[in-house]
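Enquirer: Mind looking at a prediction? Sequence and model below.
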Amino acid sequence: MRRLNYDALDIILAVQHLLSFMIADGAIRETAGQETPSWFRSAEAYHPEIPDCVMKIACLHKNCSDFEKVLNFQVTDEMLNTNQNKLSRFEFPADGRGEYGSELGGVKLPT
């Protein structure tokens, strides 16, 4: 498992809120008889646009696995109301590539 940090939480919230917006916007467009863009493709296109430096601090990758983990991660009120320096007590699903461990909020220590 990776430890949650402030930047990871920001990315999770941004992607999930974009997804919610695109679903609601699609419903509005559908009612208006307009073409509805794919909410999944919109969120999927946004994820790799996040700057590499922020993704690294967040201990996330721009791959499909982490994108799906971001989409499916359950953000709780407790997380939203926790000081950013205490977010590491919450866990984010493991890094399949093994680049980010649980030490230091997710950053793998050099060996």
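Expert: In hand now; what should we look at? Residues are numbered from 1 along each chain as shown.
Enquirer: Which elements pack onto the strand or helix carrying residue 24?
Expert: In this assignment (DSSP states H and E), residue 24 forms part of helix 6-31. Using 3 or more C-beta pairs under 8 Å, 6 or more residues apart in numbering; DSSP states H and E as the contact test, the elements touching helix 6-31 are helix 39-46, helix 52-58, helix 64-72. Placement of C-beta: from N, CA and C, glycine included.
Enquirer: weakest of those helices by average pLDDT?
Expert: Within the helices and strands packed on helix 6-31, confidence is poorest for helix 39-46, with a mean of 89 (mean pLDDT).
Enquirer: Distance from it to the middle of the chain?
Expert: Its chain's C-alpha centre and that of helix 39-46 lie 12 Å apart, by C-alpha atoms, centre = their mean, to the nearest Å.
Enquirer: For residue 29, give its distance to residue 36.
Expert: 5 Å (C-beta to C-beta, to the nearest Å).
Enquirer: any idea what sits nearest residue 39, other than its immediate chain neighbours?
Expert: residue 22 (3.7 Å; C-beta to C-beta, 6 or more residues apart in numbering).
Enquirer: oh, I was asking about residue 10
Expert: Leaving aside its sequence neighbours, residue 10 sits nearest to residue 58 (C-beta to C-beta, 6+ apart; 7.5 Å).
Enquirer: That neighbour contacts residue 2, doesn't it?
Expert: No - look at residue 58 against residue 2 with C-beta atoms under 8 Å: they stay out of range, at 9.4 Å.
Enquirer: Can you name the residues in contact with the helix or strand of the chain with the lowest mean pLDDT?
Expert: For the chain, using mean pLDDT, DSSP states H and E, the weakest element among its helices and strands is helix 39-46, scoring a mean of 89. With contact meaning C-beta atoms under 8 Å, 6 or more residues apart in numbering, helix 39-46 is reached by 14-15, 18-19, 22-23, 26, 67, 71.
Enquirer: want to try TSV for those, with neighbour count and distance to residue 49 as columns?
Expert: What follows is those, written out as TSV (neighbours: other C-beta atoms under 10 Å; distance: C-beta to C-beta, whole Å):
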residue	neighbour count	distance to residue 49
14	15	10
15	19	11
18	16	11
19	18	15
22	19	15
23	14	19
26	17	20
67	18	12
71	15	15
